[in-house]
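In: Got a predicted model here, sequence first, then my questions.
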Amino acid sequence: MIKIRDASLSLLAILDTYSNDSVQEKINGAFTFTFDVFIDGDKSNYIQVDHIVEVSGNYFRIVNFNMRRSGNGVLDVQVYCEHVAYELLYDELDYFTADGTPSEILGNLLEGTNFTVGMVQLNDTTTFSIQETLSKRAILIELANYLGAELQFNKFEISLLKRRGSDRGVQFRYGKNLLGITKSVDKSSGTIQTAYDVDVVELQTLPEYGALEAVELGDTIHVKDPDLSIDTKQRIVSYEYSPRLRINSRLQIANFIKGIEETITRIRRTTVVKDRLYNGIRIGPENGFEAVRSDNKARAVMNATEGVRLQTGDGSGASWIDVVFLDTEGNAVFKGRLDAASGTFTGDLEAAGGTFTGDLQAAGGTFTGTLSGVDGDFSGTITALAGKIG
C-alpha cells in the first residue's frame with residue numbers, strides 16, 4: 001500500500017494497485033523509491049512533483065515522473081522518488097565548523113531545516129570542519145564518514161548509529177535462496193576491495209521461515225556458491241527490494257562502504273577548541289582564496305583579478321573594510337600604522353589627494369626616498385630613531 005500526501009503531509013490518496021515498486025538504500029548513500037501506476041483518471045492525478053509518498057513507514061518525495069502509452073495501448077506513470085532528507089541538497093553552506101558531541105554537531109547542522117536529531121550512539125566531543133561550499137546533505141554524509149558512523153533516516157528524523165544491522169545467522173546459498181551472484185575485485189584505491197552483487201529469494205515471506213530469514217541493511221550475511229568457490233561472510237551495504245512483495249531482492253555485500261568524495265579538513269581538538277578563534281579556508285570563483293576568522297571580524301582574500309586584501313569585519317560576515325590592499329600591479333593601500341623595524345624605505349611614499357593620519361616611523365632605519373604630499377596633509381608624527389629623513 002502506498003499513501004500519497006501533499007507537501008503539508010495531508011493524505012490525498014491510497015494506492016493499492018501498482019507495480020515495479022523498488023526501494024533502494026545504501027549505507028551513507030542513496031535512498032530512493034520507484035514504482036509504476038496505471039493512469040485511471042482518479043488516484044493517478046495525485047502523482048505530482050513534490051507530493052510525498054509514504055511506503056514502508058518512511059517518506060519519499062516525488063522528484064519526477066513519466067507518463068507513457070505502451071504498445072498495447074496501456075497508459076501508466078513511472079514515478080521516481082527520493083527520501084525527504086534529500087531536501088538538504090538545496091541548503092548550501094559556504095563552510096561548516098562545529099565543536100561538541102556528535103549530537104550537538106548534528107543539531108547545529110540541521111538547525112533551520114525540517115529535520116530533527118534522532119538516536120545518536122556516539123558521545124565523544126570532537127571538532128568537525130568542512131572548508132568548501134557543500135550542501136547540508138553532503139556535509140551530513142561527510143560527518144557520518146568522519147565519525148565512522150552510519151546514518152538512518154526515519155521520515156524527518158535523522159540518526160547517527162555506530163553500526164547498522166546485526167548478524168542474524170542468515171545464509172544465502174546456491175540451490176536454496178541464491179539466484180545469481182557477481183564478484184567484483186578492485187584495487188584502484190590502493191587497497192583490495194571485494195564486493196558481491198547478489199540476487200536472492202527472501203524466505204522471510206514464507207510462513208515456514210518467517211523472521212529467521214529476515215535481513216536488513218547493514219546485516220552480516222553468509223553467501224555460498226561452491227561452483228564459483230565463494231564462501232564469504234560480509235555486510236549488506238546496499239539493499240534493493242519490493243515493499244509490496246519482498247521476495248526477489250538485490251543485495252550488495254562488501255568489505256567496505258563507499259562514501260562520497262573526501263572533502264573534510266580534520267582538525268584536532270587539541271589545536272582547535274570551543275571559544276578559540278580559528279580560520280576557515282574556502283576557495284571559490286568569485287573571491288578566489290579566502291581565509292575568514294571564526295568571529296567574522298577579519299579575513300584575507302587573494303585572487304589574480306584584484307590582488308591581495310586584508311580586511312576587518314563587523315562580525316556579520318557581510319561587511320568588510322580593507323586594511324591592506326595590494327593590487328596585481330604592485331600598488332598598495334595601507335590603513336593604520338606603517339613601520340620599518342631595522343629596515344629601509346627606498347621608494348616614494350606619497351599621499352595623493354589624501355591624508356596620512358597615523359604615525360610614520362623608522363626604527364633604526366633610513367628613509368632615502370622622497371616623502372611628499374600632493375594636495376594633502378601629513379597630520380601625524382614623522383619620527384626617525386637613530387636614522388635620518390633624507
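Out: On my side now, so go ahead.

In: residues of stretch 33-46 that come out buried?
Out: For stretch 33-46, the neighbour count (16 or more other C-beta atoms under 10 Å) marks Phe33, Thr34, Phe35, Val37, Ile39, Lys43, Ser44, Tyr46 as buried. Yep, even glycine has a C-beta here, placed from its N, CA and C like the rest.

In: Between the two ends of it, how far is it?
Out: 17 Å (C-alpha to C-alpha, to the nearest Å).

In: Please state the offset of that stretch from the chain centre?
Out: Taking C-alpha atoms, centre = their mean, to the nearest Å, the mean C-alpha location of stretch 33-46 is offset from the chain mean by 33 Å.

In: Let me know the average pLDDT across that stretch.
Out: The pLDDT scores in stretch 33-46 average 85.

In: what does stretch 120-139 give?
Out: Stretch 120-139 comes out at a mean pLDDT of 90.

In: Need the three-state assignment for the residue most central in space within the chain.
Out: Centroid check for the chain by C-alpha atoms, centre = their mean gives Ala138 as the closest residue, at 1.8 Å. The three-state assignment at Ala138 reads helix, by DSSP: H, G, I helix; E, B strand; the rest coil.

In: ok, back up a step: of the buried residues of stretch 33-46, closest to Tyr86?
Out: Among these, Phe33 lies closest to Tyr86 (C-beta to C-beta), at 11.3 Å.

In: ok, Ala304 - how many residues close by?
Out: Ala304 has 8 neighbours, counted by other C-beta atoms under 10 Å.

In: contacting residues for it?
Out: Counting by C-beta atoms under 8 Å, 6 or more residues apart in numbering, Ala304 makes contact with Gly288, Thr328.

In: Residues in a beta bridge with Ser135, which ones?
Out: Glu92 (DSSP bridges).

In: pretty sure it contacts Glu87?
Out: No: using C-beta atoms under 8 Å, Ser135 is not in contact with Glu87, being 9.9 Å away.

In: In JSON lines, list the buried residues of stretch 33-46 along with secondary structure.
Out: Formatted as JSON lines, the buried residues of stretch 33-46 follow (three-state DSSP):
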{"residue": "Phe33", "secondary structure": "strand"}
{"residue": "Thr34", "secondary structure": "strand"}
{"residue": "Phe35", "secondary structure": "strand"}
{"residue": "Val37", "secondary structure": "strand"}
{"residue": "Ile39", "secondary structure": "coil"}
{"residue": "Lys43", "secondary structure": "helix"}
{"residue": "Ser44", "secondary structure": "helix"}
{"residue": "Tyr46", "secondary structure": "helix"}
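
In: Greatest separation within those residues: which pair is it?
Out: Every pair of those checked by C-beta to C-beta; the farthest is Phe33 and Ile39, at 19.4 Å.
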